[in-house]
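[1] Fold the stuff below for me.
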Amino acid sequence: MSWLNDVVTAGLALAGATLMLLAAVGILRMPDLFTRMQASAKAASLGSGMILLAAAVHFAELAVVVRALLAIAFIFLTAPISAHMISRAAYFMGVGLWERNVVDDLEGRYDRAEHRLESPPGVGGS
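    Numbering: from 1, shown residues only. Below you'll find the predicted structure:
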């Protein structure tokens, strides 16, 4: 059964490392900050989660498994929120979108002085 543990550990570690590599390539190749943030938040959090899961499977001790699962939960809870907050701050500071970007959902709907999002017509009341 030891070989099965080694195969699962190697598979998880390889998949995690591949996702981390794809996150790094995404950061280098994506055209603007917002798509870079998406690549780093999704692929890097999933990749690091798989590597931590590989460590938990490899050591197979309760203390290690609990720590790895808590770390995975922490990464999955904080990475998307931090990416969203950084992207939001960049948008409001005026960081430009990619010139081939088709849709800007916030354009004309956000009051930069009061930091309020205006509802589209017909939503939220009268």
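[2] all helices in the protein, in order from the N-terminus.
    Applying DSSP state H to the chain gives helices spanning 2-29, 33-39, 45-59, 62-93.
[3] which one of those helices lies closest to residue 100?
    Nearest of these to residue 100, taken as CB to CB: helix 33-39 at 10.8 Å. C-beta coordinates here come from the backbone N, C-alpha and C atoms, glycine included.
[4] Averaged pLDDT, the closest one. What do you get?
    Averaged across helix 33-39, the pLDDT comes to 86.
[5] what does stretch 31-45 rub up against?
    19-20, 22-23, 26-27, 30, 75-76, 79-80, 82-83, 86-87, 90-91, 95-98, 100-101 (CB atoms under 8 Å, 6 or more residues apart in numbering).
[6] Of these, keep whichever come out buried.
    When the contacts of stretch 31-45 are checked for burial by 16 or more other CB atoms under 10 Å, the buried set is 19-20, 22-23, 26, 30, 75, 79, 83, 87, 91, 97.
[7] gap between the residue nearest to the spatial centre of the chain and residue 4?
    Geometric centre of the chain, nearest residue: residue 41, 1.8 Å, by CA atoms, centre = their mean. Using CB to CB, to the nearest Å, residue 41 is found at 33 Å from residue 4.
[8] between the buried ones among the contacts of stretch 31-45, which is closest to residue 117?
    Within the buried ones among the contacts of stretch 31-45, distances to residue 117 taken as CB to CB reach their minimum at residue 91, with 11.7 Å.
[9] excluding its backbone neighbours, what's nearest the closest one?
    residue 106 (6.7 Å; CB to CB, 6 or more residues apart in numbering).
[10] Quick check: pLDDT value at that neighbour.
    At residue 106, the pLDDT value in this model is 73.
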